[in-house]
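Asks: Quick one: sequence and predicted model below, then my questions.
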Amino acid sequence: MKEIIRLLAGCFVCFLSLGVSAENWPQWRGPFLNGSTTETNLPSTWSKTENVLWSTPLPGTGHATPIIWDDSVFVTSPDEDENLLLFCLDRHTGKIRWQKQVAVGNRVAGRNNMASPSPVTDGKTVWVMFGTGDLAAFDFSGHPLWARNLATEYGKFVINWLYGSSPMLYHGRLYVEVLHRNPASYILCLDPQTGTNIWRHIRLTDAKAESQEAYSTPMPSETARGTEIIIVGGDYVTGQDAKTGEEWWRGGGLRNFQHLGDARLVPSPVVAEGMVIVSGAKRNPLLAFHDGGQRDITSSGLAWSYKKYPTDCVTPLFYQGKLFVLDGDRQIMSCLDPKTGEAAWQKPMGLREIFRASPTGADGKIYCLTEDATAVVLSAADGAVLSTVRMEEGRTHATIAAAQGCLFVRTASHLYCIGK
């Protein structure tokens, strides 16, 4: 019975995703919330001129993934005056249609700044958040609909390397997580049309210091019991009731290395094949839990772990029935069976640059971007490197988006549209 319910739930998720069109990229992990899309006819290689349809300069470095719906592209950036901006571009030409100042006060800490969360859209409204705690909604003409500042309402964000979680839109609700030190971490569920709270859940943890912090984004899971919102960070992964925020279950083991001190968590969870897959903090093993658990599932719910090439910062990709895990520090891509954790292959990326952006699966290929703005294209079938393209100088952590027959690459200073 559980398998039948899961199959129906999976069909519903696919229907929902197709409803917003797999040809769009509506939020950070794409139309299916797993880093993949059904887009085809995408280029395997390009240069600084070949297959570049347009490039648009942006006023500052931002790490948010561009969001695409039909002929509109949304991207964020700070400017030289430390304003935090949302841009709407014409997808065909790259021309800036409008820009809106959402917040003031960009800061830089390590590799991060205040323009890391990605926008999200449903085709009518675009929602955007910055590390200042400013959360706002606009229509597609740039008209402001509502705005809030969560740091003012619930306390300043206390995160060592600045806030980096993205809002997640699902079933007509907007979910925001703030996992940090004092005041308490929380998950917020909003009415996206008005910005008002549906619920706010305080997420407790016994983690200490920086281990309380996370840069992950919530992900949904459809189970026999109903919709769960998966949250990872603070040394635990939890399943929250999407209707009320109540915690249904909790799994530990994300920080097993005894010599490890403070350990913030960066990658978001992946929901695939009846599993909730989470990356341990600071290259701890990748863990897979059976979905639909109850109470403490640290041992009872654990399905498998992967220790050889885990990731520190990169969220894994679920594509074509396989789980792709990029060890961004060792530059190794692993292809795993999401049900068992068994590795089909493990391949080097072909260069010595650090990866912080997450991989994108499309058109039988996997698109990756290094911190130094080098794009690497792999075959999803066997991990063969198809091309390596240096885009420009400067650091970036923005994931490549695939939509409307094109790739959208956000570098330190430009947004590129790549297509045939």
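Replies: Good, I have the coordinates.

Asks: what's the closest residue to Met349 other than its chain neighbours in contact with, if anything?
Replies: Nearest residue to Met349, sequence neighbours excluded (Cβ to Cβ, 6 or more residues apart in numbering): Gln331, at 4.2 Å. C-betas here are computed from N, CA, C, even on glycine. For Gln331, the contacting residues are 348-355, by Cβ atoms under 8 Å, 6 or more residues apart in numbering.

Asks: can you pull out the strands in the stretch 201-350 of the chain?
Replies: 219-223, 226-233, 236-241, 247-251, 270-272, 275-279, 286-290, 295-296, 302-306, 317-319, 322-327, 332-336, 343-348 (DSSP state E, counting those that start in this stretch).

Asks: List the buried residues of stretch 134-147.
Replies: Applying a neighbour-count criterion of 16 or more other Cβ atoms under 10 Å, one finds 134-138, 140, 146 buried in stretch 134-147.

Asks: what about dumping the CA coordinates of it to PDB?
Replies: Taking Å, rounded to 0.1, in the frame of the first residue of the first chain, the C-alpha atoms of stretch 134-147 are listed here in PDB:
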ATOM      1  CA  ASP A 134      14.800  41.300   3.600                       C
ATOM      2  CA  LEU A 135      12.100  39.200   1.900                       C
ATOM      3  CA  ALA A 136      10.000  40.800  -0.800                       C
ATOM      4  CA  ALA A 137       7.500  40.000  -3.600                       C
ATOM      5  CA  PHE A 138       7.100  41.700  -7.000                       C
ATOM      6  CA  ASP A 139       4.900  41.100 -10.000                       C
ATOM      7  CA  PHE A 140       6.500  40.600 -13.400                       C
ATOM      8  CA  SER A 141       6.200  44.300 -14.200                       C
ATOM      9  CA  GLY A 142       8.300  45.100 -11.100                       C
ATOM     10  CA  HIS A 143       5.500  46.400  -9.000                       C
ATOM     11  CA  PRO A 144       6.200  45.700  -5.300                       C
ATOM     12  CA  LEU A 145       3.500  43.500  -3.600                       C
ATOM     13  CA  TRP A 146       4.800  43.100  -0.100                       C
ATOM     14  CA  ALA A 147       8.000  43.200   1.900                       C
END
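
Asks: Where do the helices of this structure begin and end?
Replies: Assigned by DSSP state H, the chain shows helices spanning 2-19, 150-154.

Asks: where's Phe355 relative to Thr399, distance?
Replies: 10 Å (Cβ to Cβ, to the nearest Å).

Asks: what touches both of these two?
Replies: Leu369.
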